[in-house]
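Undergrad: From the sequence below, what's the structure:
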Amino acid sequence: MSKCRVQPELVKIFECLIQDIARILPSLAHEFERDLERVRILAEARGVHLFCVDLPAQAKHLDRCLDDGQYVASRLPLGGTVSRTVQIPKLFRGLYLLIFSAQDGSILESPNVTAIRALRQLLCFAKKADLECSEEKKAAAVATFIDTDTQLPDPPQTWGGTGPCIREDGQPATFADIVRAFPERGIDIRFAKRLDTVSGILVSTLGQYDYREWRFRHGPGAVAETTSKKFKYDFENWSPRLDSHFPFSDCAVHNWMEWAATSETCQMTEDEIPSRMVSVRKTYKAPRLIACEPSEHMWCQQNIWHYFSERSERTWISKFVRFHDQSLNQDLCRRGSVDGSLATLDLNEASDRVTPIVVEAMFRANPALLNALMASRTRSVTLPNGVVLPLRKFSTMGSACTFPVESLVFLAIAIASSLEGEVTTKRVLELAGRLSVFGDDIVVPVERLGALSANLESLWFKVNSSKTFTGKRFRESCGVDAFVGEEVTPTYWHRTVDKTDAESIASTVATHNNFLKRDLVTVASYLASTIHNLVDYVPMDSGAFGLYAPVGSDKLEYISSRCAWEPGLQQMQIRLRTLQSVNKWTETEGSSALLQYFTERPAPHIMWRHGYSRLTRPLIRSQWVSVDDIFRRSTGEEG
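TA: Have a look, this model is predicted:
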C-alpha cells in the first residue's frame, strides 16, 4: 500500500472524526477547528508516522495518566503543553480540560467519559493500520527476538539443549529445584513451593494425556518445509524423538498397511527440520514474527492443543481461563475500572520468554503430556537471513502449544502469587471471579499485583509496565479499554480501499460497520462512499455481508426482491452481493488422501475432494438470500 495514498486517506478520516465528535460535543467546535489545522500541518511534515506512531504514543501516555489520576507532561512529539502554568497538551486541549484540571493536572472529580472516549478515538484510530514496516524495523524485531532468547537459560539436554539436568536423578524439576539451580534469580522459595502445589492441582485437574484420545489435524498456516503450497498429509520427515511419543504407525497414517508402504518414503532421521521465521503485518511501528512449524510437529501440536482445549473447558479451570473466549477477562476488566479492586497486567514478549525448565516444572505431574511437549517442540528456527538459531525458549508464535501452555503457566503463577499459606483446591476456587488469564493478559486482585510482578520477573518474564494498570479508574485487557465501568475502546481504521480487490472491499465494509455502531456516522458515510455501488446495504447486525444501513435510512427499500418457491417452502428473497471464495484446487495422488478424509470428517451430503487449495481468491458475487433469515437475525428473533 503506497504511503502517498494512505496519508490523504488518514487526513480525511481524521477530518470526519472531528466532525462526528464536534456533533457530540458542540461546545468544543471552535477548539476542534484549531486542532484540525494543527494536524493538517503536522501531517505534511511527519506523514503517516503522525497517525500510526505519534498519536498512539500520546494515547498510551494518556492511559497511564488516567490510571494515575494525574496528567504529567510528556516529552513525546505531540506532548507540547499550553503554557508553563497549564501543563495540558496544546493539541486537543479542549478534550483534556474536560478530564484534567488546568491548575495542577489532577483528574477531575467527575471527568467527562464522552471526552475520554473521543480523545482516545482521535489518538488511536490509525494505531492498527495495515501498513508494511520498513526493512529496518523488521531487522530490529529479529534482533530483539535473538536478544530475548539469549537472556534465557540454556535448556537441559532432555530438551535438546546443552545445559545440565537440574535434578541429579534425571527426574523432571520442580519449581523448588529451579530456586536452588538459579539462586541469582532471587525466586522466593515459599512462592516456589506454593507454585509446585498449584501446578500439581491444575495438571491433575486436566487429567492424564493419551494422544489416542485426541484429534490430530493440521493448522491453517504455512509449514517450514516450503514457502509454496504443500500437501501436508504427506509426511516426509519424522524424527525418532517424535516417534518415541507419537508413533508414526499410529499417528501419521490411516492404517498399518499404509505404514508399511510409506516407511521408505518418510525419512526417520536425527536431522530435525527447523521452523521458518516470517514477519507479518501487525502495526506500522513493528511487525509480528511467526515461525512456520514443520508439518509433522504441527500435526502433533494440534493433538496436544485439542487436549488442552477440551479438558480445560470441562473442568473448573474454565472459571479462570477460556481458550476460545476473552469475555472473562473483559468482564473483570470493566469491574476493576469501577472499584479498583482488580488490576490488569500485560507482559512483554511473553511467548518468547517461556523457558523449557518452567514448562517442565509446570507439567511434571503428567509425564505423558510433558514428554509429548518435549517431542513436538521445534528446537531451532531459520532466521530471515538463513541463519539457523538453536532456541532456548520453549516455543515460538506459530506453535499450537504456545498459547495454551503460556496461559496455564501464567494462571499457575497468578494463583500462587495470590495465595499465602496452605494451598488447596477450595482456596484456589475462592479466587474465581477475581482472577483470570488469556495468554499474557492477566487480571488479579490489585493487592497481589506487586507479588505477581516480582514472581514473574524472577522466572525470566518481563512485565509491561506501560500496559499494567492498578489505579482506581482505567483498565485494559483483551481488547477492552474501560474507565469507571464505561467502555472507551476506540474503533480502528485499517486500510485504504482497492476497488479491484474483494478482500480490501470486505475490510472497508467491516470498518464502516464498526464506525457506524459507535455512531460515528460521518466517518461511516465517507467509507461507504469509497465503495459506492460495489456492495449492498443490509440491516444492522443481520450477519449478512454488506454495509449496515443507518437507523431510519431508506437504503433498504431499493433491494431487488422476488417470491421464490422451493420444495415445501415459499419465501421472499432479496438479491445481495456476497463475499465468496474461489479456490484453485489441486488433487493429490496416493493413499494419504484417506488420512485427510478421516481427519477432516466431511458430512455425508458434502461433495468432498481430497487435495489442497493452491489459491484462495475472494470475490463479490450476487445471490438470492432469504429475507426472513436476514431480518430475523437483525432483530434477535429465533427461527
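
Undergrad: tally of neighbours for residue 40?
TA: 12 (other C-beta atoms under 10 Å). C-betas here are computed from N, CA, C, even on glycine.

Undergrad: Please enumerate the helices of the stretch 401-550 of the chain.
TA: Counting by DSSP state H, counting those that start in this stretch, the stretch 401-550 of the chain has these helices, from start to end: 402-418, 425-429, 449-458, 502-517, 521-530.

Undergrad: now the stretch 151-300 of the chain
TA: 175-181, 189-206, 240-243, 248-251, 256-262, 295-314.

Undergrad: Extract the C-alpha trace of the second one and format it as CSV.
TA: Taking Å, rounded to 0.1, in the frame of the first residue of the first chain, the C-alpha atoms of helix 189-206 are listed here in CSV:
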residue,chain,number,x,y,z
ILE,A,189,11.3,-20.4,48.0
ARG,A,190,7.9,-20.1,49.7
PHE,A,191,6.3,-18.9,46.4
ALA,A,192,8.1,-21.8,44.5
LYS,A,193,6.6,-24.4,46.9
ARG,A,194,3.1,-22.9,46.5
LEU,A,195,3.6,-22.9,42.7
ASP,A,196,4.6,-26.6,42.8
THR,A,197,1.3,-27.3,44.6
VAL,A,198,-0.8,-25.1,42.4
SER,A,199,0.7,-26.6,39.2
GLY,A,200,0.1,-30.1,40.5
ILE,A,201,-3.6,-29.2,41.2
LEU,A,202,-4.1,-27.7,37.7
VAL,A,203,-2.4,-30.6,35.9
SER,A,204,-4.2,-33.2,37.9
THR,A,205,-7.5,-31.4,37.1
LEU,A,206,-6.7,-31.6,33.4
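
Undergrad: coming back round to it: so which of the helices of the stretch 151-300 of the chain is the most packed in?
TA: Burial of the helices of the stretch 151-300 of the chain is given as mean neighbour count (mean count of other C-beta atoms under 10 Å); helix 295-314 ranks first at a mean of 22.

Undergrad: between that one and helix 402-418, how many degrees?
TA: Here helix 295-314 points in a direction 40 degrees away from that of helix 402-418 (axes from the mean of the first three to the mean of the last three C-alpha atoms, to 10 degrees).

Undergrad: domain assignment for this protein?
TA: 3-127, 146-463, 497-639 (automatic domain parsing).

Undergrad: okay, these in TSV with distance to residue 481 next?
TA: As requested, the domains of the chain are exported to TSV (distance: least, C-beta to C-beta, whole Å):
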stretch	distance to residue 481
domain 3-127	7
domain 146-463	8
domain 497-639	13
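
Undergrad: ok so, going back, which stretch among the helices of the stretch 401-550 of the chain comes nearest residue 574?
TA: helix 502-517 (17.1 Å; C-beta to C-beta).

Undergrad: If you count contacts, what does that closest one end up packed against?
TA: Contact analysis of helix 502-517 by 3 or more C-beta pairs under 8 Å, 6 or more residues apart in numbering; DSSP states H and E lists helix 521-530, strand 547-548, strand 612-626 as its packing neighbours.

Undergrad: Now mean pLDDT too, for the helices of the stretch 401-550 of the chain, in TSV please.
TA: Output for the helices of the stretch 401-550 of the chain, formatted as TSV (pLDDT from 0 to 100):
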stretch	mean pLDDT
helix 402-418	97
helix 425-429	96
helix 449-458	97
helix 502-517	94
helix 521-530	95
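
Undergrad: Looking at the helices of the stretch 151-300 of the chain, spot the one closest to residue 216.
TA: Using C-beta to C-beta, the helices of the stretch 151-300 of the chain put helix 295-314 closest to residue 216, at 4.8 Å.

Undergrad: any idea of the mean pLDDT in that closest one?
TA: In this model, helix 295-314 has an average pLDDT of 96.

Undergrad: buried stuff in the helix or strand following that helix?
TA: Later in the chain than helix 295-314, the nearest helix or strand by DSSP states H and E is helix 327-339. Going by neighbour count (16 or more other C-beta atoms under 10 Å), the buried part of helix 327-339 is 328, 329, 330, 331, 332, 333, 334, 335, 336, 337, 338.

Undergrad: Over to stretch 405-421?
TA: 405-419.

Undergrad: do the same with stretch 39-53
TA: For stretch 39-53, by 16+ other C-beta under 10 Å, it's 39, 42, 43, 48, 49, 50, 51, 52, 53.

Undergrad: Buried ones in stretch 161-177, by neighbour count?
TA: 161, 163, 165, 166, 172, 173, 174, 175, 176, 177.

Undergrad: Please tabulate the buried residues of stretch 39-53 in a markdown table, including the columns pLDDT.
TA: Listed next are these as a markdown table, based on pLDDT from 0 to 100:
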| residue | pLDDT |
| --- | --- |
| 39 | 96 |
| 42 | 95 |
| 43 | 94 |
| 48 | 93 |
| 49 | 93 |
| 50 | 95 |
| 51 | 96 |
| 52 | 95 |
| 53 | 94 |
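
Undergrad: Let me have the residues you listed in a markdown table, extended by secondary structure.
TA: What follows is the buried residues of stretch 39-53, written out as a markdown table (DSSP: H, G, I helix; E, B strand; the rest coil):
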| residue | secondary structure |
| --- | --- |
| 39 | helix |
| 42 | helix |
| 43 | helix |
| 48 | helix |
| 49 | helix |
| 50 | helix |
| 51 | helix |
| 52 | helix |
| 53 | helix |
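
Undergrad: from those residues, which is closest to residue 7?
TA: residue 48 (5.5 Å).

Undergrad: I'd say residue 549 and residue 535 touch.
TA: No - contact criterion C-beta atoms under 8 Å: residue 549 and residue 535 do not qualify, at 11.8 Å.

Undergrad: my read is residue 577 is in a strand, agree?
TA: Yes - counting by three-state DSSP, residue 577 falls inside a strand.

Undergrad: So what pairs up with it in the strands?
TA: With DSSP bridges as the criterion, residue 577 is bridged to residue 622.

Undergrad: ok, back up a step: among the buried residues of stretch 161-177, which one sits closest to residue 20?
TA: residue 175 (52.5 Å).

Undergrad: Confirm for me that that closest one is in contact with residue 200.
TA: No - counting by C-beta under 8 Å, residue 200 is not a contact partner of residue 175; they are 10.4 Å apart.

Undergrad: would you list the buried residues of stretch 161-177 in a markdown table and tack on pLDDT?
TA: Output for the buried residues of stretch 161-177, formatted as a markdown table (pLDDT from 0 to 100):
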| residue | pLDDT |
| --- | --- |
| 161 | 87 |
| 163 | 84 |
| 165 | 85 |
| 166 | 88 |
| 172 | 93 |
| 173 | 94 |
| 174 | 96 |
| 175 | 97 |
| 176 | 96 |
| 177 | 95 |
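
Undergrad: now those in TSV, with distance to residue 102?
TA: Listed next are the buried residues of stretch 161-177 as TSV, based on distance: C-beta to C-beta, whole Å:
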residue	distance to residue 102
161	58
163	58
165	63
166	58
172	60
173	57
174	57
175	51
176	55
177	57
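
Undergrad: Can you say which two of those residues are spatially most distant?
TA: Between any two of the buried residues of stretch 161-177 (C-beta to C-beta), the greatest distance is 21.2 Å, for 161 and 176.

Undergrad: any idea how far residue 547 is from residue 533?
TA: For residue 533, the distance to residue 547 (C-beta to C-beta, to the nearest Å) stands at 11 Å.

Undergrad: Neighbour count: the two, which is higher?
TA: Taking other C-beta under 10 Å, residue 533 and residue 547 do not tie; residue 547 has more neighbours (22 against 7).

Undergrad: And that one, how close does it get to residue 498?
TA: 17 Å.

Undergrad: and what of residue 613?
TA: 22 Å.

Undergrad: Surely residue 537 touches residue 548?
TA: Yes - between residue 537 and residue 548 there is a contact at 7.4 Å, judged by C-beta under 8 Å.

Undergrad: More neighbours: which of the two?
TA: Each of residue 537 and residue 548 has its neighbours counted (other C-beta under 10 Å); residue 548 has more, 24 against 20.
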